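Peer 1: Next comes the sequence, and after it the predicted model I'd like to discuss.
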Amino acid sequence: MKHANYKANLSVLRQAPEQDLQNEFVLSGIIDKFAMQFELSWKLLRKTLEYEGRLDAATGSPRGIIKAAYDAYDFIGEGIWLRMLDDRNAAEHVYDAMLARRLADDIIGSYIATFDDLLANLERLYPAELLETF
């Protein structure tokens, strides 16, 4: 279930600020966890949009789902989600240590909070039993 996986992965990603950010292996792990969290996010949003009967949930693209979620939910900040999408796409090609550090700083500085906000709002809107089916 995407909701359970979302919560479990986010729990690990929340540990990022406590890690040795000078270690390239650690940075790589944080970036990988971020990429996984982003994947779980847009797929969870797709499930909620499908539940709501939104036809735009049928799109197969993360960008389309983000735009549909922005339209459907007042707690989705389109700008930050599109930045996260761009960073997720760029993360596959991060070979430079300074770029990796910048991405890790963004993950720690704002992206984890955005993932937390999504979780809190979905848990506010939908009963736990329903979320567990997503």
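Peer 2: Alright, I've got the coordinates. Keep in mind that what you see is a predicted model, and the values were worked out from it rather than measured.

Peer 1: now this protein, which segments are flagged as low pLDDT?
Peer 2: Within the chain, the stretches with pLDDT under 70 are 94-95.

Peer 1: Leaving aside the residues adjacent along the chain, what's closest to the residue nearest the centre of the chain?
Peer 2: Residue closest to the average C-alpha location in the chain (CA atoms, centre = their mean): Phe38, at 3.0 Å. Leaving out its chain neighbours, the residue that sits closest to Phe38 by CB to CB, 6 or more residues apart in numbering is Arg88, at 4.4 Å. Every C-beta, even on glycine, is put in place using the N, C-alpha and C of the backbone.

Peer 1: Any chance of the backbone angles for that neighbour?
Peer 2: phi -60, psi -40 (degrees, to the nearest 10).

Peer 1: which residues touch it?
Peer 2: Listed by CB atoms under 8 Å, 6 or more residues apart in numbering, the contact partners of Arg88 are Phe34, Ala35, Phe38, Glu39, Pro62.

Peer 1: can you tell me the distance between the two ends of stretch 124-134?
Peer 2: 15 Å (CA to CA, to the nearest Å).

Peer 1: hmm, I was thinking of stretch 43-61
Peer 2: 10 Å.

Peer 1: which stretches of this protein form helices?
Peer 2: Applying DSSP state H to the chain gives helices spanning 2-13, 24-51, 62-72, 78-91, 97-106, 112-125, 128-131.

Peer 1: quick check: angle from the fourth one to helix 24-51?
Peer 2: Just to be clear, that refers to helix 78-91. Interaxial angle of helix 78-91 relative to helix 24-51 (axes from the mean of the first three to the mean of the last three CA atoms, to 10 degrees): 130 degrees.

Peer 1: Next, the buried residues of helix 78-91.
Peer 2: Going by neighbour count (16 or more other CB atoms under 10 Å), the buried part of helix 78-91 is Ile80, Trp81, Met84, Leu85, Asp87, Arg88, Ala91.

Peer 1: Just the C-alpha atoms of that helix, please, in CSV.
Peer 2: Extracted in CSV, the C-alpha atoms of helix 78-91 (Å, rounded to 0.1, in the frame of the first residue of the first chain):
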residue,chain,number,x,y,z
GLU,A,78,2.4,23.7,-7.2
GLY,A,79,5.7,25.6,-7.3
ILE,A,80,7.5,23.5,-4.7
TRP,A,81,6.1,20.2,-6.1
LEU,A,82,7.3,21.1,-9.6
ARG,A,83,10.8,22.0,-8.2
MET,A,84,10.8,18.7,-6.4
LEU,A,85,9.9,17.0,-9.7
ASP,A,86,12.8,18.8,-11.4
ASP,A,87,15.2,17.9,-8.6
ARG,A,88,14.0,14.2,-8.7
ASN,A,89,14.7,14.1,-12.4
ALA,A,90,18.1,15.8,-12.0
ALA,A,91,19.0,13.5,-9.0
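
Peer 1: Perfect, I'm done here.
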